[in-house]
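Trainee: Kindly return the folded structure for what I paste below:
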Amino acid sequence: MIVALDFDGVIFDGTHECLLVAWNVFKKNTLSNFNIKKFDEIPELFIDLFKESRSFVRHDGHFLVPFYIKENTIINSEIFHKTYNSIPQEIIFEFRADFNKYRSKVRDIYSHYWLELHKKLLNLEEIIDLGIDVRIISGKDSDSIFFILQENGVKLIKEKIHGETSSKIPLLKLLKLLKLLKLLKSEANDGNSKLLFIDDNIENIIESRKLGINSLWATWGFHTPEQINNAKHFLINEVKIDNIMSTIINLKMNK
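Mentor: Residues are numbered from 1 along each chain as shown. Okay, here's the model as predicted:
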(Lines give C-alpha, C1' and ligand atoms only; values in the text may rest on other atoms or scores of the structure.)
Protein backbone atom coordinates (compact mmCIF):
# COMPACT_ATOMS: atom_id res chain seq x y z
CA MET A 1 0.00 0.00 0.00
CA ILE A 2 1.25 3.46 -0.92
CA VAL A 3 0.45 6.37 1.39
CA ALA A 4 1.28 9.76 -0.09
CA LEU A 5 1.32 12.66 2.35
CA ASP A 6 1.77 16.39 2.08
CA PHE A 7 4.65 17.70 4.21
CA ASP A 8 3.96 21.22 5.52
CA GLY A 9 0.89 21.21 7.72
CA VAL A 10 0.64 17.42 7.81
CA ILE A 11 4.01 15.98 8.88
CA PHE A 12 5.73 19.17 10.04
CA ASP A 13 4.61 22.74 10.58
CA GLY A 14 7.16 25.05 8.96
CA THR A 15 5.09 28.24 9.18
CA HIS A 16 7.70 30.15 11.18
CA GLU A 17 10.49 29.19 8.79
CA CYS A 18 8.41 30.22 5.79
CA LEU A 19 7.49 33.46 7.54
CA LEU A 20 11.05 34.49 8.35
CA VAL A 21 12.41 33.54 4.93
CA ALA A 22 9.58 35.37 3.16
CA TRP A 23 10.01 38.46 5.35
CA ASN A 24 13.75 38.68 4.81
CA VAL A 25 13.50 38.06 1.07
CA PHE A 26 10.73 40.62 0.56
CA LYS A 27 12.55 43.20 2.72
CA LYS A 28 15.88 42.44 0.98
CA ASN A 29 17.47 41.55 4.32
CA THR A 30 20.83 39.78 4.41
CA LEU A 31 21.39 36.16 5.41
CA SER A 32 22.66 37.30 8.81
CA ASN A 33 19.12 38.47 9.61
CA PHE A 34 17.93 34.88 9.79
CA ASN A 35 17.74 34.80 13.59
CA ILE A 36 15.33 35.01 16.50
CA LYS A 37 15.96 38.75 16.94
CA LYS A 38 14.72 39.51 13.42
CA PHE A 39 11.81 37.10 13.85
CA ASP A 40 10.71 38.95 16.99
CA GLU A 41 10.80 42.25 15.09
CA ILE A 42 8.16 41.11 12.61
CA PRO A 43 4.89 42.96 13.42
CA GLU A 44 2.21 40.87 15.10
CA LEU A 45 -0.44 42.05 12.64
CA PHE A 46 1.66 40.77 9.75
CA ILE A 47 2.23 37.43 11.48
CA ASP A 48 -1.54 37.09 11.90
CA LEU A 49 -2.07 37.86 8.20
CA PHE A 50 0.60 35.34 7.23
CA LYS A 51 -0.93 32.59 9.34
CA GLU A 52 -4.45 33.32 8.10
CA SER A 53 -3.17 33.14 4.51
CA ARG A 54 -1.30 29.88 5.14
CA SER A 55 -4.28 27.63 4.53
CA PHE A 56 -4.53 28.86 0.92
CA VAL A 57 -0.84 28.50 0.09
CA ARG A 58 0.04 25.98 -2.62
CA HIS A 59 3.53 27.20 -3.55
CA ASP A 60 6.18 29.64 -2.30
CA GLY A 61 4.95 32.44 -4.57
CA HIS A 62 1.80 32.58 -2.46
CA PHE A 63 3.87 33.83 0.49
CA LEU A 64 3.80 37.22 -1.24
CA VAL A 65 0.08 37.65 -0.61
CA PRO A 66 0.27 38.87 3.03
CA PHE A 67 2.55 41.72 1.90
CA TYR A 68 -0.21 42.97 -0.44
CA ILE A 69 -3.25 42.54 1.80
CA LYS A 70 -4.38 45.35 4.07
CA GLU A 71 -4.26 44.81 7.81
CA ASN A 72 -7.43 43.49 9.48
CA THR A 73 -8.68 42.03 6.18
CA ILE A 74 -10.74 38.88 6.63
CA ILE A 75 -9.06 36.48 4.21
CA ASN A 76 -10.99 33.95 2.17
CA SER A 77 -10.14 32.03 -0.98
CA GLU A 78 -11.50 34.72 -3.31
CA ILE A 79 -9.57 37.57 -1.68
CA PHE A 80 -6.40 35.50 -1.45
CA HIS A 81 -6.32 34.50 -5.12
CA LYS A 82 -7.53 37.91 -6.33
CA THR A 83 -4.66 39.54 -4.44
CA TYR A 84 -2.12 37.07 -5.78
CA ASN A 85 -3.29 37.54 -9.36
CA SER A 86 -2.89 41.32 -8.98
CA ILE A 87 0.86 41.01 -8.23
CA PRO A 88 3.04 41.62 -11.34
CA GLN A 89 4.52 38.38 -12.71
CA GLU A 90 8.06 39.73 -12.70
CA ILE A 91 7.80 40.38 -8.96
CA ILE A 92 6.49 36.85 -8.37
CA PHE A 93 9.23 35.23 -10.46
CA GLU A 94 11.97 37.21 -8.72
CA PHE A 95 10.56 36.52 -5.27
CA ARG A 96 10.27 32.77 -5.89
CA ALA A 97 13.81 32.50 -7.17
CA ASP A 98 15.19 34.58 -4.27
CA PHE A 99 13.06 32.68 -1.74
CA ASN A 100 14.51 29.31 -2.70
CA LYS A 101 18.09 30.62 -2.86
CA TYR A 102 17.73 32.26 0.55
CA ARG A 103 16.16 29.16 2.10
CA SER A 104 18.90 26.91 0.74
CA LYS A 105 21.66 29.15 2.10
CA VAL A 106 20.24 29.69 5.60
CA ARG A 107 19.48 25.98 5.86
CA ASP A 108 23.19 25.31 5.38
CA ILE A 109 24.58 28.26 7.38
CA TYR A 110 22.13 28.40 10.28
CA SER A 111 20.92 24.78 10.25
CA HIS A 112 20.27 24.55 14.00
CA TYR A 113 17.96 27.57 14.12
CA TRP A 114 16.41 26.61 10.75
CA LEU A 115 15.44 23.22 12.18
CA GLU A 116 14.05 24.83 15.34
CA LEU A 117 11.51 26.66 13.20
CA HIS A 118 9.92 23.35 12.14
CA LYS A 119 7.44 21.74 14.54
CA LYS A 120 6.79 18.01 14.28
CA LEU A 121 3.10 17.17 13.87
CA LEU A 122 2.96 13.52 12.81
CA ASN A 123 4.97 10.47 13.87
CA LEU A 124 5.90 9.31 10.38
CA GLU A 125 8.07 6.49 11.72
CA GLU A 126 4.99 4.66 13.01
CA ILE A 127 3.47 4.63 9.53
CA ILE A 128 6.72 3.44 7.96
CA ASP A 129 6.99 0.67 10.58
CA LEU A 130 3.65 -0.72 9.34
CA GLY A 131 5.42 -1.73 6.15
CA ILE A 132 3.70 1.08 4.27
CA ASP A 133 5.33 2.51 1.14
CA VAL A 134 5.39 6.14 2.30
CA ARG A 135 5.76 8.94 -0.23
CA ILE A 136 5.91 12.67 0.41
CA ILE A 137 4.41 15.10 -2.08
CA SER A 138 5.17 18.75 -1.44
CA GLY A 139 5.82 22.14 -2.95
CA LYS A 140 8.78 22.36 -0.58
CA ASP A 141 12.12 21.34 -2.08
CA SER A 142 13.21 17.74 -1.57
CA ASP A 143 16.55 18.68 0.00
CA SER A 144 14.87 20.60 2.82
CA ILE A 145 12.37 17.81 3.47
CA PHE A 146 15.08 15.14 3.47
CA PHE A 147 17.25 17.22 5.84
CA ILE A 148 14.38 17.77 8.30
CA LEU A 149 13.46 14.08 8.34
CA GLN A 150 17.07 12.97 8.65
CA GLU A 151 17.73 15.31 11.57
CA ASN A 152 14.59 14.01 13.29
CA GLY A 153 15.62 10.38 12.92
CA VAL A 154 13.13 9.50 10.17
CA LYS A 155 14.62 7.03 7.68
CA LEU A 156 13.11 7.67 4.28
CA ILE A 157 15.17 7.50 1.11
CA LYS A 158 15.23 10.62 -1.03
CA GLU A 159 13.62 8.83 -3.97
CA LYS A 160 10.42 8.60 -1.92
CA ILE A 161 10.28 12.40 -1.57
CA HIS A 162 8.55 14.15 -4.44
CA GLY A 163 9.39 17.74 -3.60
CA GLU A 164 8.89 20.95 -5.54
CA THR A 165 5.61 19.87 -7.10
CA SER A 166 5.00 23.59 -7.48
CA SER A 167 5.18 25.75 -10.56
CA LYS A 168 5.42 29.47 -11.25
CA ILE A 169 1.96 29.10 -12.82
CA PRO A 170 -0.71 27.87 -10.31
CA LEU A 171 -2.60 25.77 -12.90
CA LEU A 172 0.60 23.98 -13.92
CA LYS A 173 1.35 23.32 -10.26
CA LEU A 174 -2.00 21.56 -9.87
CA LEU A 175 -1.49 19.61 -13.09
CA LYS A 176 1.98 18.56 -11.90
CA LEU A 177 0.51 17.30 -8.62
CA LEU A 178 -2.29 15.41 -10.35
CA LYS A 179 0.16 13.88 -12.85
CA LEU A 180 2.28 12.59 -9.97
CA LEU A 181 -0.78 11.16 -8.21
CA LYS A 182 -1.79 9.40 -11.43
CA LEU A 183 1.67 7.82 -11.64
CA LEU A 184 1.48 6.67 -8.02
CA LYS A 185 -2.00 5.26 -8.61
CA SER A 186 -0.71 3.28 -11.60
CA GLU A 187 2.26 2.07 -9.56
CA ALA A 188 -0.09 0.87 -6.81
CA ASN A 189 -2.40 -0.85 -9.31
CA ASP A 190 0.53 -2.59 -11.00
CA GLY A 191 1.56 -3.96 -7.63
CA ASN A 192 -1.99 -5.12 -6.86
CA SER A 193 -2.03 -2.54 -4.09
CA LYS A 194 -3.83 0.73 -3.36
CA LEU A 195 -3.03 4.43 -2.96
CA LEU A 196 -4.06 6.76 -0.14
CA PHE A 197 -3.47 10.52 -0.41
CA ILE A 198 -3.47 12.76 2.69
CA ASP A 199 -3.28 16.55 2.47
CA ASP A 200 -4.41 19.56 4.51
CA ASN A 201 -5.23 21.52 1.34
CA ILE A 202 -8.93 21.00 0.63
CA GLU A 203 -8.56 22.02 -3.03
CA ASN A 204 -5.96 19.32 -3.63
CA ILE A 205 -8.23 16.74 -2.01
CA ILE A 206 -11.21 17.76 -4.15
CA GLU A 207 -9.14 17.46 -7.34
CA SER A 208 -7.47 14.17 -6.41
CA ARG A 209 -10.84 12.57 -5.69
CA LYS A 210 -11.84 13.31 -9.28
CA LEU A 211 -9.07 10.88 -10.30
CA GLY A 212 -10.69 8.14 -8.25
CA ILE A 213 -7.97 8.34 -5.60
CA ASN A 214 -8.85 7.60 -1.98
CA SER A 215 -8.11 11.00 -0.45
CA LEU A 216 -8.35 12.21 3.14
CA TRP A 217 -8.33 15.79 4.40
CA ALA A 218 -5.93 16.23 7.34
CA THR A 219 -7.85 18.32 9.85
CA TRP A 220 -4.83 19.10 12.04
CA GLY A 221 -3.31 21.17 9.23
CA PHE A 222 -4.10 24.70 8.06
CA HIS A 223 -7.80 25.31 7.40
CA THR A 224 -10.50 27.96 7.65
CA PRO A 225 -14.27 27.94 8.34
CA GLU A 226 -14.75 28.35 4.57
CA GLN A 227 -12.78 25.17 3.92
CA ILE A 228 -14.69 23.27 6.61
CA ASN A 229 -17.92 24.20 4.81
CA ASN A 230 -16.40 23.07 1.49
CA ALA A 231 -15.50 19.72 3.06
CA LYS A 232 -19.12 19.24 4.07
CA HIS A 233 -20.41 20.39 0.67
CA PHE A 234 -18.16 18.03 -1.31
CA LEU A 235 -18.58 15.20 1.23
CA ILE A 236 -14.83 15.08 1.85
CA ASN A 237 -13.58 12.35 4.16
CA GLU A 238 -11.52 13.69 7.03
CA VAL A 239 -8.75 12.15 9.08
CA LYS A 240 -7.69 13.33 12.53
CA ILE A 241 -4.24 13.10 14.08
CA ASP A 242 -5.50 10.66 16.72
CA ASN A 243 -7.04 8.19 14.27
CA ILE A 244 -4.69 8.31 11.29
CA MET A 245 -2.91 5.12 12.35
CA SER A 246 -6.11 3.10 12.78
CA THR A 247 -7.40 4.47 9.46
CA ILE A 248 -4.27 3.37 7.59
CA ILE A 249 -4.22 -0.03 9.30
CA ASN A 250 -7.87 -0.66 8.38
CA LEU A 251 -7.29 0.32 4.76
CA LYS A 252 -4.22 -1.91 4.59
CA MET A 253 -6.08 -4.89 6.03
CA ASN A 254 -9.10 -4.47 3.76
CA LYS A 255 -7.41 -5.30 0.47
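Trainee: ok, the most centrally placed residue in the chain - contacts?
Mentor: When C-alpha atoms, centre = their mean is applied to the chain, the residue found nearest the centroid is Asp8 (3.5 Å). Going by C-beta atoms under 8 Å, 6 or more residues apart in numbering, Asp8 touches Gly14, Thr15, Cys18, Ser138, Gly139, Lys140. Just so you know, the C-beta spots here come from the backbone N, C-alpha and C atoms, and that holds for glycine as well.
Trainee: For the stretch 101-250 of the chain, which segments count as strands?
Mentor: Counting by DSSP state E, counting those that start in this stretch, the stretch 101-250 of the chain has strands at residues 119-120, 133-137, 161-162, 195-199, 214-218, 238-239.
Trainee: TSV please, covering the ones you listed and showing mean neighbour count, mean pLDDT and distance to Asn76.
Mentor: What follows is the strands of the stretch 101-250 of the chain, written out as TSV (neighbours: other C-beta atoms under 10 Å; pLDDT from 0 to 100; distance: least, C-beta to C-beta, whole Å):
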stretch	mean neighbour count	mean pLDDT	distance to Asn76
strand 119-120	12	96	26
strand 133-137	20	95	25
strand 161-162	21	92	29
strand 195-199	24	96	19
strand 214-218	22	95	18
strand 238-239	17	94	20
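Trainee: relative orientation of the helix or strand of the chain with the lowest mean pLDDT and strand 214-218 in degrees?
Mentor: Among the helical and strand segments of the chain, the one scoring lowest on mean pLDDT, DSSP states H and E is helix 170-190, with a mean of 81. With axes from the mean of the first three to the mean of the last three C-alpha atoms, to 10 degrees applied, the angle from helix 170-190 to strand 214-218 works out at 130 degrees.
Trainee: what about helix 170-190, distance to the chain center?
Mentor: 16 Å (C-alpha atoms, centre = their mean, to the nearest Å).
Trainee: what's next to that helix, contact-wise?
Mentor: Helix 170-190 is contacted from outside by 1-2, 4, 58-59, 84, 135, 137, 139, 162, 165-167, 194-195, 197, 203-204, 207-208, 211-213, using C-beta under 8 Å, 6+ apart.
Trainee: Which of those fall within helices?
Mentor: Tyr84, Glu203, Asn204, Glu207, Ser208 (DSSP state H).
Trainee: Nearest to Leu121 among the residues you listed?
Mentor: Among these, Asn204 lies closest to Leu121 (C-beta to C-beta), at 17.2 Å.
Trainee: Report the residue spans of this protein with pLDDT below the cut-off.
Mentor: For the chain, the stretches with pLDDT under 70 are 165-174, 221-222, 255.
Trainee: again, only this time at 50
Mentor: Within the chain, the ranges that satisfy pLDDT under 50 run 166-171.
Trainee: Let me have the ones in helices among the contacts of helix 170-190 in TSV, extended by distance to Asn254 and neighbour count.
Mentor: TSV is the format used below for these (distance: C-beta to C-beta, whole Å; neighbours: other C-beta atoms under 10 Å):
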residue	distance to Asn254	neighbour count
Tyr84	41	20
Glu203	28	14
Asn204	24	21
Glu207	25	18
Ser208	20	24
